[in-house]
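*Asks:* can't give you the sequence, but here's the structure:
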RNA sequence: GGUGAGGUGGCAGAGUGGCUAUGCGUUCGCCUGCAAAGCGAAUCUAUAGGGGUUCAAAUCCCUUCCUCACCUCCA
């Protein structure tokens, strides 16, 4: 599998001989998550599912930033503690992402639980001459790290001339960034240099080094983290360890709305709670995977509505398969097998080639469409379904799609009602038949009358349609 | 201003030299008691503008215009 590496500006092979270690920069827990966060996390969830489907062991670590000025400000505003705020939004995070069918990472380290690791990393950097103590805190001396700017392709002299660097007289150089900030206001921790709290960047260096080592396979996050966050992580980590940090830097494009980046500061976000209520998890996942992960995708009702139609086709395909029977239709198993395998090969090849999910989706939909074609011409049989179903399931599962499940009781109840209805239809008692259809539709079941049988499917309820 | 990524049919979105994906939409049709869903056919023959290289370019080179992101916290 090849993935585009931001650092070398080229596709690189992911080494899957041992386990694939992935560090994903998670969220700062001071507010609800939005669909921008969801995209990045769904991309990595799908990547992880794909690798695991190939039998590759994945070790995914995703942090929570639970010490930060934004959290503290929110706590002050609500007259409560930072701890209560971060706990609340971590809970909120899991609630959202469980609903989005995102598999839990192997580990969710929190910054506040790794203060000691950060302190020892900072000490190491001071000892090696890369960091110094000043009046306001401990700073990383950017110019000591010769390769600074290699990820974001920025030159240090141009950065200095940029006027927006924080003015702080106590720093030796305006580019230097804080590893530890002195503070008397809670929350604070003791350190060899004085009471305070860690800078943002050091937490990811400390936690990734601790759990994944100094040269793990993939470090990921949103594109907006390239500078300064990931640039600074590289400076810290490589200065400390003396070896190259992550092998591949994988960055996910932004979700835009009306062509503009979705962000808290612009106030144009769509919360996960909102999109789940409006579109549901499957539509959101399909949407997030509908463009190549390196490019921006635009959130618009028009596109999301289009996605509903695609999702209905998947549902249709699923129910056609699970409810197929031994009709006498002629089968050409070999041809069907070829089409099925072709679709899966295309799917895998697309993902192997820089995780091209839109191309993979088109391969998946080729199979879906083909099955629906067979079904439409009443050519689908139990044998065909049994053959195709595992491949369909494999792809759905990699994409993290979940079709509404039905119980045996429901199945029996529905097939009884359908029998009654068809009886009435054959007697041309259409009004009564329609009443039964209404009854069935109240159970969220859609009927499809084929020539020789009536198919039913339990469709996901999509908020916007009601 | 600097750096990076882009500009593909009505829309979304693949495609790094030749075979011009895929999906949605639109029109007509099949199926149906009606519907819904599904399916079929047709439609669109697109590659920001201008040059160039080549037998051949969306794909390579030059140039103009435009968009977005980052340069401050951000997924």
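*Replies:* Sure thing, it's come through. Computed from a predicted structure; not experimentally measured.
*Asks:* switch to C-alpha atoms for all contacts and neighbour counts from now on
*Replies:* Will do.
*Asks:* number of nearby residues for the nearest residue to residue A:211 once chain neighbours are set aside?
*Replies:* Spatial nearest neighbour of residue A:211, excluding adjacent residues (C-alpha to C-alpha, 6 or more residues apart in numbering): residue A:61 at 7.8 Å. Neighbourhood size, residue A:61 [other C-alpha atoms under 10 Å]: 22.
*Asks:* which strand residues bridge residue A:10?
*Replies:* Counting by DSSP bridges, residue A:10 forms beta bridges with residue A:5.
*Asks:* secondary structure of the residue nearest to residue A:211: a helix, I assume?
*Replies:* No - under DSSP: H, G, I helix; E, B strand; the rest coil, residue A:61 falls outside any helix and is assigned strand.
*Asks:* pLDDT at it, what is it?
*Replies:* You'll see residue A:61 listed with a pLDDT of 98.
*Asks:* check the residue of chain A found nearest RNA strand B and give its pLDDT.
*Replies:* The nearest approach of chain A to RNA strand B comes at residue A:222, 2.6 Å away (C-alpha to the nearest atom of the strand). With respect to pLDDT, residue A:222 scores 96.
*Asks:* dump the residue contacts of the nearest residue to it once chain neighbours are set aside.
*Replies:* Leaving aside its sequence neighbours, residue A:222 sits nearest to residue A:252 (C-alpha to C-alpha, 6+ apart; 4.7 Å). Contacts here follow C-alpha atoms under 8 Å, 6 or more residues apart in numbering; on that basis residue A:252 touches A:39-40, A:43, A:220-223, A:293-295.
*Asks:* mind checking how far residue A:252 is from residue A:266?
*Replies:* 20 Å (C-alpha to C-alpha, to the nearest Å).
*Asks:* next, please give the residue ranges for the helices of the stretch 1-150 of chain A.
*Replies:* Under the criterion DSSP state H, counting those that start in this stretch, the stretch 1-150 of chain A contains helices at A:35-53, A:69-77, A:82-99, A:115-127.
*Asks:* circling back to that earlier point, hmm, residue A:261 and the residue of chain A closest to RNA strand B touching each other?
*Replies:* No - using C-alpha atoms under 8 Å, residue A:222 is not in contact with residue A:261, being 11.9 Å away.
*Asks:* more neighbours: which of these two?
*Replies:* Higher neighbour count among residue A:222 and residue A:261: residue A:222, with 22 against 18, using other C-alpha under 10 Å.
*Asks:* residues contacting the more buried one?
*Replies:* A:40, A:251-254.
*Asks:* before we move on, the earlier item: now the contacts of residue A:252 in TSV, with distance to residue A:32?
*Replies:* Below are the contacts of residue A:252 laid out as TSV (distance: C-alpha to C-alpha, whole Å):
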residue	distance to residue A:32
A:39	15
A:40	15
A:43	19
A:220	21
A:221	18
A:222	17
A:223	20
A:293	23
A:294	24
A:295	24
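*Asks:* need the max-distance pair from the residues you listed.
*Replies:* Greatest spacing in the contacts of residue A:252, by C-alpha to C-alpha: A:220 and A:295 (14.8 Å).
*Asks:* who has more neighbours out of those two?
*Replies:* residue A:220 (23 against 13).
*Asks:* that's a helix at that one, yeah?
*Replies:* No - under three-state DSSP, residue A:220 sits outside any helix and is assigned strand.
*Asks:* looking at it, it is touching residue A:7, isn't it?
*Replies:* No - Residue A:220 lies out of contact with residue A:7 (C-alpha under 8 Å); the separation is 11.8 Å.
*Asks:* which residues do those two both contact?
*Replies:* residue A:249.
*Asks:* wait, does the longest helix anywhere in chain A contact RNA strand B?
*Replies:* Secondary structure assigned by DSSP state H gives helix A:301-322 as the longest helix of chain A. Yes - with C-alpha under 7 Å from any atom of the strand as the measure, helix A:301-322 is seen reaching RNA strand B through A:303, A:306, A:309-310, A:312-313, A:316.
*Asks:* what residues does the stretch 251-400 of chain A put near RNA strand B?
*Replies:* Residues of the stretch 251-400 of chain A lying near RNA strand B (C-alpha under 7 Å from any atom of the strand): A:252-256, A:259-263, A:265, A:290-292, A:294-298, A:303, A:306, A:309-310, A:312-313, A:316, A:356, A:358-359, A:362-363, A:365-366, A:369-370, A:372-373, A:375-377.
*Asks:* just the buried ones out of these, please.
*Replies:* A:252-256, A:261-263, A:290-292, A:294, A:296-298, A:310, A:313, A:316, A:356, A:358-359, A:362-363, A:365-366, A:369, A:372, A:375 (16 or more other C-alpha atoms under 10 Å).
*Asks:* how many other residues sit next to residue A:116?
*Replies:* Count around residue A:116 with other C-alpha under 10 Å applied: 14.
*Asks:* do the same with the one 4 residues further on
*Replies:* Taking other C-alpha under 10 Å as the criterion, the count of residues near residue A:120 is 14.
*Asks:* so residue A:207 sits against residue A:112, correct?
*Replies:* No - in this structure, residue A:207 is not within contact of residue A:112 by C-alpha under 8 Å, at 10.9 Å.
*Asks:* between these two, point out the one with more neighbours.
*Replies:* Remark: of residue A:207 and residue A:112, residue A:207 carries more neighbours, 24 against 19, as counted by other C-alpha under 10 Å.
*Asks:* which element is that one on?
*Replies:* Counting by DSSP states H and E, the element that carries residue A:207 is helix A:200-212.
*Asks:* could I get the average pLDDT for that helix?
*Replies:* Helix A:200-212 comes out at a mean pLDDT of 97.
*Asks:* hmm, that helix touching RNA strand B?
*Replies:* Yes - against RNA strand B, helix A:200-212 shows contacts by C-alpha under 7 Å from any atom of the strand at residue A:200.
*Asks:* that helix: how far from the chain's middle?
*Replies:* Mean-position distance between helix A:200-212 and its chain equals 21 Å (C-alpha atoms, centre = their mean, to the nearest Å).
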